[in-house]
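In: This is the structure alone, sequence omitted:
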């Protein structure tokens, strides 16, 4: 399999993992927050880091699975709303 085909297959497995995790709201929001803390990297099913693209997943699911796309959007918005930014204290 070519490098690009392997990358597409890995991305597809990651999207399927995200779709399966949508039913557990707490785990999904923790995944979003952990992704933000790790500079946009998520963990793929094979255990290697992968660039997270939640909004890309929403765009894909809008065409194939509308309820999953709406659930993902809602959970990402909730996760972002829960984040509290700590002010930087300069001395």
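Out: Here it is on my side, so go on. These figures come from a predicted structure and were not determined experimentally.
In: Might you list the low-confidence residue ranges for this protein?
Out: Nowhere does the chain drop to pLDDT under 70.
In: contacting residues for the residue nearest the centre of the chain?
Out: Residue closest to the average C-alpha location in the chain (CA atoms, centre = their mean): residue 54, at 4.2 Å. Contacts for residue 54 (CB atoms under 8 Å, 6 or more residues apart in numbering) come out as 18, 32, 35, 72, 76. Every C-beta, even on glycine, is put in place using the N, C-alpha and C of the backbone.
In: what do you get for residue 80?
Out: residue 32.
In: Helix or strand: which one has it?
Out: Assigned by DSSP states H and E, residue 80 belongs to helix 66-82.
In: returning to what we had before: adding neighbour count and distance to residue 62, write the contacts of residue 54 out as JSON lines.
Out: Formatted as JSON lines, those follow (neighbours: other CB atoms under 10 Å; distance: CB to CB, whole Å):
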{"residue": "18", "neighbour count": "19", "distance to residue 62": "14"}
{"residue": "32", "neighbour count": "21", "distance to residue 62": "18"}
{"residue": "35", "neighbour count": "20", "distance to residue 62": "21"}
{"residue": "72", "neighbour count": "23", "distance to residue 62": "10"}
{"residue": "76", "neighbour count": "19", "distance to residue 62": "14"}
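In: which of those residues sit farthest apart?
Out: Greatest spatial distance among the contacts of residue 54 (CB to CB): 35 and 72, at 12.9 Å.
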